[in-house]
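Peer 1: how would this look folded up:
(3 chains)
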Amino acid sequence: MESGVIPVTELPGGLDLQATLESGQTFVWDREDGRMYEDGVSGGSAWYATVVDGEVVRVRQTDDRLEWESTTDAEPLLVDLLRLDDDLDAIVASIPADPLLEEAFERYRGLRLVRDRFFPCLVSFICSAQMRVERIHGMQRALAREFGERVSFDGRTYHAFPTPERLAEATEAELRALNLGYRAPYVKRSAELLATGELSIADLDGLAYEAAREAMQAFVGVGEKVADCVLLFSQSYLEAVPLDTWIRGAIEEHYPDCDRGSYAETSRAIRERFGGRYAGYAQTYVFHHLRHLE
DNA sequence: ATCCAGGATGTAT
DNA sequence: ATACATCATGGA
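Peer 2: Take a look at the predicted model:
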């Protein structure tokens, strides 16, 4: 077993591990005390685990230390997954201040966007349609448990997220048995598109943001909103602003002039309001903040 | 019981 | 291009 510590104080803008992993942007991590998303339960010192690229990674944050244990040297992997290479201070400074954003930035400073792997992210957000965050997470854990490779580490068994090939082989009935509902055929057909090579992540190479969003909709179960989520949380299109029910509510309440009717035009308006290049960061802070006001 | 959740798809206009 | 019904499932 390898292990290490990353001093959070050396990261511009710091890190809030709990906010980052429990804000509904990534569903590949599991909290080992089983209290993921429980409101009012501090994630400080809780261990989180995932399997990425065949490697097990466990992390926890205690004050200004990010501690990790892994089957490999996880430091570069964590820099990648948690976007520790983002200058969060500079990013926040680039986003025009308004009362709602100020409040979100103050309360959750250290929340970072993630850089998830493409396929788990794609499946997660196909599953996200008309679904609560907690259940999306449960569905992804069920998919890993049922169809993912098993990896042993430190006397425990962890499950990788299944490959496109494996989910393409799964039957719709098997997926429905995991309570994916009407999303089951979407997941299977999108997995098939990747497994057969009919579509590839490389199709996005060199595409500007809006062209990439169009290209993403070639997958089944992927409309404009899900496309934005995958681009933002796995492909580093940090200007993407997924227009979900919460953000639409925020637009209605706080940025009514940005409601332009169509998704494409409203997206352009709110992106501009959030400072353009890093608008997705603003979106995720607002999403997390609003969801915790209830 | 009725409504809603990080919406997308198929069909009709 | 836009409007509408339909699609599972569980929790409030």
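
Peer 1: number of residues surrounding whatever residue of the stretch 151-294 of chain A ends up closest to DNA strand B?
Peer 2: Among all residues of the stretch 151-294 of chain A, residue A:223 sits closest to DNA strand B, at 2.7 Å; criterion: C-beta to the nearest atom of the strand. Backbone N, C-alpha and C define where each C-beta goes, glycine included. Counted by other C-beta atoms under 10 Å, the residues lying close to residue A:223 total 14.

Peer 1: which residues does the closest residue to it other than its chain neighbours contact?
Peer 2: Leaving aside its sequence neighbours, residue A:223 sits nearest to residue A:217 (C-beta to C-beta, 6 or more residues apart in numbering; 6.3 Å). Residues near residue A:217 by C-beta atoms under 8 Å, 6 or more residues apart in numbering: A:223, A:224, A:227.

Peer 1: likewise residue A:84?
Peer 2: A:6, A:11, A:15, A:78, A:112.

Peer 1: from those, pick the one nearest DNA strand B.
Peer 2: Distances from DNA strand B to the contacts of residue A:84, taken as C-beta to the nearest atom of the strand, are shortest for residue A:112 (12.7 Å).

Peer 1: what parts of the stretch 101-250 of chain A come near DNA strand C?
Peer 2: By the rule C-beta under 7 Å from any atom of the strand, the part of the stretch 101-250 of chain A lying against DNA strand C is A:130, A:131, A:132, A:135, A:176, A:179, A:181, A:182.

Peer 1: repeat that for 6 Å
Peer 2: Neighbours of DNA strand C within the stretch 101-250 of chain A, by C-beta under 6 Å from any atom of the strand: A:130, A:176, A:179, A:181, A:182.

Peer 1: in helices, which of those residues appear?
Peer 2: residue A:176 (DSSP state H).

Peer 1: can you put the residues of the stretch 101-250 of chain A next to DNA strand C in TSV and add pLDDT and distance to residue A:275?
Peer 2: Formatted as TSV, these follow (pLDDT from 0 to 100; distance: C-beta to C-beta, whole Å):
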residue	pLDDT	distance to residue A:275
A:130	97	30
A:176	98	42
A:179	98	39
A:181	98	37
A:182	98	37
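
Peer 1: export the residues of the stretch 101-250 of chain A next to DNA strand C to JSON lines and append columns for distance to DNA strand B and neighbour count.
Peer 2: Formatted as JSON lines, those follow (distance: C-beta to the nearest atom of the strand, whole Å; neighbours: other C-beta atoms under 10 Å):
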{"residue": "A:130", "distance to DNA strand B": "4", "neighbour count": "8"}
{"residue": "A:176", "distance to DNA strand B": "14", "neighbour count": "14"}
{"residue": "A:179", "distance to DNA strand B": "11", "neighbour count": "14"}
{"residue": "A:181", "distance to DNA strand B": "9", "neighbour count": "14"}
{"residue": "A:182", "distance to DNA strand B": "6", "neighbour count": "10"}
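
Peer 1: quick check: the two most widely separated of the residues of the stretch 101-250 of chain A next to DNA strand C?
Peer 2: Farthest apart among those by C-beta to C-beta are A:130 and A:176. That separation is 15.5 Å.

Peer 1: which stretches of the stretch 51-200 of chain A form helices?
Peer 2: Using DSSP state H, counting those that start in this stretch, the helices found in the stretch 51-200 of chain A span residues A:75-81, A:88-93, A:99-108, A:118-126, A:133-147, A:164-169, A:172-177, A:184-195.
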